[in-house]
Structure formats: structure tokens, C-alpha cells
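Trainee: Sequence and predicted structure are below.
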Amino acid sequence: MKGLKKFFSLALITVLIFSLAAGAWAAPKGWGQSGQARGHAERNIEQEHERNMNEGATVEEKEQNQNKEKEQEMNEQEKEPEQEKNRLKKQEKKKSVTEHVYKGVENALQHVKNPVARAALQAILEGRSVAQAVYEAKQCLEDWNDQDEIGIVAGELKEALEEDVSADSLTRAQGYKHLGEMFIKAGKMEDARSLLEQALRNNPGDDEIYSILNKVFAKVKDNNKVKVYIKGNMPMFDVAPVVENGRVLVPLRVLAESLGAAVDYKDNTINIQLNNSTVKLVVGSGKALVDGNPVMLEVPARVVDGRTLVPLRFIGEGLKAKVNYYREGNLVAVE
């Protein structure tokens with residue numbers, strides 16, 4: 001009997017010890033769960049406090065809070081497009097000229113000593129305005145006498161300008177005009193003429209371009225042939241213009257079409273109309289009418305190789321166009 005009691009006592013002590021040990025071992029886990037619960041409870045209390053504050057707020061205070069929230073959202077929305085716009089602008093600037101242009105400029109720098117020209121080429125490498133680089137290079141032409149250098153720099157700047165996607169028509173016209181002057185100084189007249197004609201196509205109303213183009217024709221000594229530009233383009237005449245008594249005569253049909261005028265030709269009588277202006281003349285006659293007013297012609301219209309040639313200045317000015325003649329290069333510009 002005593003042995004049985006002793007056995008039960010030992011068993012009870014063992015159970016108690018095991019319970020205490022298990023409780024001590026499980027305490028950290030239980031404490032963590034209760035900590036999380038307390039955290040959730042605290043956040044719920046804060047949210048409840050905010051709700052209570054809003055419920056206790058006046059209608060005006062609620063509207064002010066809502067307006068503040070909307071204003072913050074709008075500010076964030078406005079910042080995003082602006083940031084994206086700036087990012088695209090920087091990206092576009094980098095893409096203004098292609099990679100092979102940069103390589104060409106780097107190669108050109110090895111052969112160019114002129115400091116201003118080097119600065120202009122360096123501007124391309126740094127991603128700055130191609131038009132500004134062209135202008136800077138053109139500014140030093142007067143004291144820059146190395147034709148090879150000028151030709152190298154002009155060639156690289158020309159390619160950069162042609163591939164500059166950010167340049168508009170007027171910017172291109174100015175750039176081509178400056179480059180035309182550089183090519184003239186370099187002695188490359190065909191390149192100069194090509195660029196100046198591109199400048200005219202971008203800005204046909206710039207008289208300075210015609211003045212520079214006149215220098216090109218004067219330098220190549222192509223003075224026997226009359227060069228006619230109408231609205232920035234040189235039309236193809238099936239019969240070449242002729243000069244008679246100091247007056248340039250050109251084929252009627254091509255002149256009228258280039259100006260956008262309507263022509264009625266019947267029984268050697270010519271009626272030309274553009275907008276509200278009309279010119280009437282008769283082949284071989286020294287008399288004409290401009291807007292119904294009689295005018296005497298120094299050189300009458302005549303037929304050459306089956307084509308009717310008319311005095312260019314008389315027709316142009318009669319239709320309210322501007323006509324300029326550049327003697328050195330024998331060039332006529334009609335705008």
C-alpha cells in the first residue's frame with residue numbers, strides 16, 4: 001500500500017514538472033501572437049480615432065480635408081507627365097543626330113585646329129543645338145583661311161543638320177544658308193549651290209539666300225545662261241530664257257504654272273490672271289493692259305521654237321509678285 005502511494009506521488013510530481021516546462025517553452029510563441037494582436041488592435045484604435053475625428057468634424061472641415069486630399073492627388077498627377085516630358089526631351093536630344101554622325105565628328109576633330117570650329121564640332125558631341133554649332137562655325141569664316149579645314153567642318157555639320165530631327169524649316173534654312181557660305185569659302189561651289197537651294201525650299205522668301213547664290217554663279221563664271229528661280233525653285237524650261245534689250249523673256253506656260261496663275265491664250269492674245277490681278281498682252285505688240293490699265297512694253301512677247309516667250313519682270317510685277325535681278329550671276333528671283 002505504501003509503495004502504491006509512493007508511485008502516485010512520483011507520477012503527480014512528474015506531470016506538474018512537465019506542465020511547467022511545456023508552459024515555459026510555449027510562452028514566446030504565445031507572446032508573439034499576442035504582440036501581433038496588440039499591433040492590429042492599436043491600428044484599429046488609430047483608424048477608429050480618425051473616424052471619430054471625422055465624425056466629430058464640421059461639414060466645412062470635412063470639405064477642407066477632402067480638398068487637400070484631391071489637391072495632393074492632382075499635384076502627383078501633374079508631376080508625372082512633367083517628369084515624363086523632361087525624360088522624353090532629354091532622350092530626344094540624344095537622338096537628334098545618329099551615332100555615325102558623332103563618330104564622323106570625332107574623326108573630323110583630329111584634322112581641325114581652328115578653335116572656334118573645334119568648339120562647334122564639340123557642341124555636336126555634347127548634344128547641343130546643331131544650328132548653334134553651324135552659326136558659331138560660320139562666324140569665324142572671315143579669319144579662317146584653311147579651305148580643307150572649312151570643307152571638313154562644313155561637311156560634318158551638314159550631315160548633322162540633315163539628321164537633326166528637332167530642327168524646323170526656318171532653322172534648317174538658316175543652317176543651310178550658313179553652310180552654303182562655308183562651302184563657298186572652301187571652294188566647293190556645287191555643294192554650296194545644293195545647300196542654298198535647300199535653304200530656298202525651306203524659306204523661299206529670304207532675299208539673302210539669293211544674294212549668296214548669286215555669288216556662287218558669279219564664281220563659276222556661268223554668266224551667259226539666265227538662272228530663274230520662282231518661289232524658291234528653278235523650273236525646267238523647254239525653251240531656254242533669253243535676254244533682249246536688257247529684258248529677260250521666259251516661256252509663258254511654265255511661268256504661269258510656277259506662279260499658280262491661270263492662262264487663256266487665243267488668237268495671239270494672252271490673258272493671265274492671279275488672284276485679283278490680270279495682265280493682257282498680244283504677241284508682237286508693244287501695248288498691254290494691267291488690271292485694265294494700258295502699259296507700254298519695252299520688249300513685246302514673241303514666239304521661239306513654238307513657245308511663247310513673255311517679259312518676266314513685266315508679267316511678275318503685273319501679278320503683284322516681287323522680281324529681283326542679280327547681275328553678277330545673271331540670276332532672276334520671283335517671289
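Mentor: Noted; the coordinates are in hand. Residues are numbered from 1 along each chain as shown.

Trainee: and the closest residue to Lys219 other than its chain neighbours, what does it touch?
Mentor: For Lys219, ignoring the flanking residues on the chain, the nearest one in space by CB to CB, 6 or more residues apart in numbering is Met189 at 5.9 Å. Where you see a C-beta, it was placed from the backbone N, CA and C, and this is true even at glycine. The contact partners of Met189, taken as CB atoms under 8 Å, 6 or more residues apart in numbering, are 183, 216, 219-220.

Trainee: go again using 6 Å as the cut-off
Mentor: By CB atoms under 6 Å, 6 or more residues apart in numbering, the residues touching Met189 are 216, 219-220.

Trainee: All the helices of the stretch 51-200 of the chain, residue numbers only.
Mentor: Applying DSSP state H, counting those that start in this stretch to the stretch 51-200 of the chain gives helices spanning 59-94, 99-109, 115-125, 130-139, 147-162, 169-185, 189-202.

Trainee: and those, which one is worst for confidence?
Mentor: Ranked by mean pLDDT, the helices of the stretch 51-200 of the chain end with helix 59-94 at the bottom, a mean of 59.

Trainee: which stretches of the stretch 151-300 of the chain have low pLDDT?
Mentor: Applying pLDDT under 70 to the stretch 151-300 of the chain flags the ranges 222-223.

Trainee: now do 80
Mentor: For the stretch 151-300 of the chain, the stretches flagged by pLDDT under 80 are 221-224.

Trainee: Not counting its neighbours along the chain, what's nearest Ala154?
Mentor: Distances taken as CB to CB, 6+ apart put Met182 closest to Ala154, at 4.0 Å, once the chain neighbours are dropped.

Trainee: show me where the stretch 201-335 of the chain has helices.
Mentor: According to DSSP H, counting those that start in this stretch, the helices that the stretch 201-335 of the chain contains are 207-219, 252-259, 312-318.

Trainee: Nearest to Ala301 among those helices would be which one?
Mentor: For the helices of the stretch 201-335 of the chain, the distance to Ala301 is smallest for helix 252-259, at 7.3 Å, taking CB to CB.

Trainee: in the closest one, what counts as buried?
Mentor: 252, 254-256, 258-259 (16 or more other CB atoms under 10 Å).

Trainee: Identify, from those, the entry nearest to Asn268.
Mentor: Distances from Asn268 to the buried residues of helix 252-259, taken as CB to CB, are shortest for Leu252 (11.8 Å).

Trainee: before we move on, the earlier item: quickly note the distance from the residue nearest to Lys219 to Ile209.
Mentor: 15 Å (CB to CB, to the nearest Å).

Trainee: if I pick the nearest residue to Ser285 once chain neighbours are set aside, what's in contact with it?
Mentor: Closest residue to Ser285 apart from its sequence neighbours, by CB to CB, 6+ apart: Pro300 at 5.5 Å. With contact set as CB under 6 Å, 6+ apart, Pro300 has these partners: 284-286.

Trainee: out of these, which one sits closest to Val116?
Mentor: Gly286 (56.9 Å).

Trainee: And for the closest one, the neighbour number?
Mentor: Neighbour count of Gly286, defined by other CB atoms under 10 Å: 13.

Trainee: JSON lines for the contacts of Met189, including distance to Val130 and neighbour count?
Mentor: Output for those, formatted as JSON lines (distance: CB to CB, whole Å; neighbours: other CB atoms under 10 Å):
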{"residue": "Val216", "distance to Val130": "23", "neighbour count": "25"}
{"residue": "Lys219", "distance to Val130": "27", "neighbour count": "14"}
{"residue": "Val220", "distance to Val130": "28", "neighbour count": "13"}
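
Trainee: Closest one of these to Asn276?
Mentor: Val216 (36.7 Å).

Trainee: from what I can see the closest one touches Ala192, true?
Mentor: Yes. The pair formed by Val216 and Ala192 meets the contact definition of CB atoms under 6 Å, at 5.2 Å.

Trainee: contacts for stretch 205-219?
Mentor: With CB under 6 Å, 6+ apart, stretch 205-219 has contacts from 177, 180, 189, 192-193, 196, 199-200, 326, 328-329, 331, 333, 335.

Trainee: let's see 7 Å
Mentor: Contacting residues not belonging to stretch 205-219 are listed as 173, 177, 180-181, 184, 189, 192-193, 196, 199-200, 227, 229, 324, 326, 328-331, 333, 335 [CB atoms under 7 Å, 6 or more residues apart in numbering].

Trainee: I would like a PyMOL command selecting only the buried ones among these, please.
Mentor: Here is the PyMOL command that selects the buried residues among the contacts of stretch 205-219 (16+ other CB under 10 Å):
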select buried, resi 173+177+180+181+184+189+192+193+196+199+200+227+229+324+326+329+330+331+333+335
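
Trainee: now the helices of the stretch 201-335 of the chain as a markdown table including distance to Phe237?
Mentor: Below are those laid out as a markdown table (distance: least, CB to CB, whole Å):
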| stretch | distance to Phe237 |
| --- | --- |
| helix 207-219 | 17 |
| helix 252-259 | 5 |
| helix 312-318 | 11 |
